[in-house]
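> Sequence plus predicted model, see below.
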Amino acid sequence: MPEFTSDGVVLAFDDSGPRRGGAMVLVHGFASNRIENWKRMGWYDALERKGIRCIALDNRGHGQSGKPHDPALYDRAAMARDILALLQHLGIERADLMGYSMGARLALTAALQAPDRFGHLILGGVGGRLLEPNPADGRMADAMAAEDPASIEDSMLRSFRHFADEQGEDRLALAACSRGASAPIERAALAGLPMPVLVVAGARDSLAGDPQGLVSAIRGARAVTLPGCDHFSAIPHALYKASVFDFLEGWLD
């Protein structure tokens, strides 16, 4: 398993596919990992069939990466810099970037930090709600820290907790990650993104909201809504993959 160190945290990653063409970095969502979010859902194979080098990391606190329990180590800006550190580790000057859910927020933050490093930006599992205030009410952290998942009253929080348990994730690390500082995404900053941007979300994804709501803040961005999909079922959907490749090839109107 390849790994590198970013800001003192050891991070695991995969790097597969051809070296002669372009590369895409994949950033998974909260309580998931690179294998569950991307490989098992068919993204590694799909990218490699298209001749694209596939690079996917486990975010700090997730998968096979380091799992500190200190919320101060999960500042979202620092987690976004992990993406840039991975590119530096691999000697890659420029790549395409795709994140899902929390990973989309991290990908967007990385693109704002270093816009010259990314050719295309794909934001999955997010929409207009990304621009709404996100109160730090601690409910997700409490759900991860709860001794008994049955005690979690909110069905969505309980789903995330069951998912984390199924993946064998460190729930106290996830609680710390949930408590990490997350600066709001500024609409004015989005308007200056220079790369092509695609936003994809399920039609039934109440966590994301309407992808058009986010696209309206990004000049020239494109939105795709996946019919019948919620936050969890969108990732493996064939239309998601088709939309991404159409976007990369310049066919998505």
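Right, received. Where do you want to start?

> Give me the contacts around whichever helix in the chain runs longest.
Scanning the chain for the helix with the most residues, using DSSP state H, yields helix 76-90. For helix 76-90, contacts defined as C-beta atoms under 8 Å, 6 or more residues apart in numbering pick out 4, 6-7, 9, 11, 13, 15, 25, 27, 55, 57, 59-60, 93, 95, 97, 105-107, 109-110, 113-114, 117, 180-183. Just so you know, the C-beta spots here come from the backbone N, C-alpha and C atoms, and that holds for glycine as well.

> Okay, and which of those map to strands?
Judged by DSSP state E, the subset of the contacts of helix 76-90 located in strands is Phe4, Ser6, Val9, Leu11, Phe13, Asp15, Val25, Val27, Ile55, Leu57, Ala95, Leu97.

> farthest-separated two in those?
Using C-beta to C-beta, the ones in strands among the contacts of helix 76-90 reach their maximum pairwise distance at Val9 and Ala95, which is 21.0 Å.

> tell me the centre residue of this protein?
The centroid of the chain falls nearest to Gly103 when counting by C-alpha atoms, centre = their mean (1.6 Å).

> same for the helix or strand of the chain with the lowest mean pLDDT, what does it pack against?
None of the helices or strands of the chain scores lower by mean pLDDT, DSSP states H and E than helix 187-190, at a mean of 90. Counting contacts by 3 or more C-beta pairs under 8 Å, 6 or more residues apart in numbering; DSSP states H and E, helix 187-190 packs against helix 102-113.

> Buried residues in the least confident helix or strand of the chain, which are they?
When neighbours are counted by 16 or more other C-beta atoms under 10 Å, the buried residues of helix 187-190 are found to be Leu190.

> what does that helix contact?
So helix 187-190 is in contact with Leu108, Leu112, Leu131, Leu214, Ala217, Ile218, going by C-beta under 8 Å, 6+ apart.

> now do stretch 164-183
Outside stretch 164-183, the residues that touch it by C-beta under 8 Å, 6+ apart are 30-33, 36, 59-63, 67-77, 79, 105, 134, 136, 138, 140-142, 144-145, 149, 161.

> try it again with 6 Å
31, 36, 61, 67, 69, 71, 74-76, 140-141, 144-145 (C-beta atoms under 6 Å, 6 or more residues apart in numbering).

> The longest helix of the chain to helix 102-113, inter-axis angle?
Orientation check (axes from the mean of the first three to the mean of the last three C-alpha atoms, to 10 degrees): helix 76-90 against helix 102-113 gives 80 degrees.
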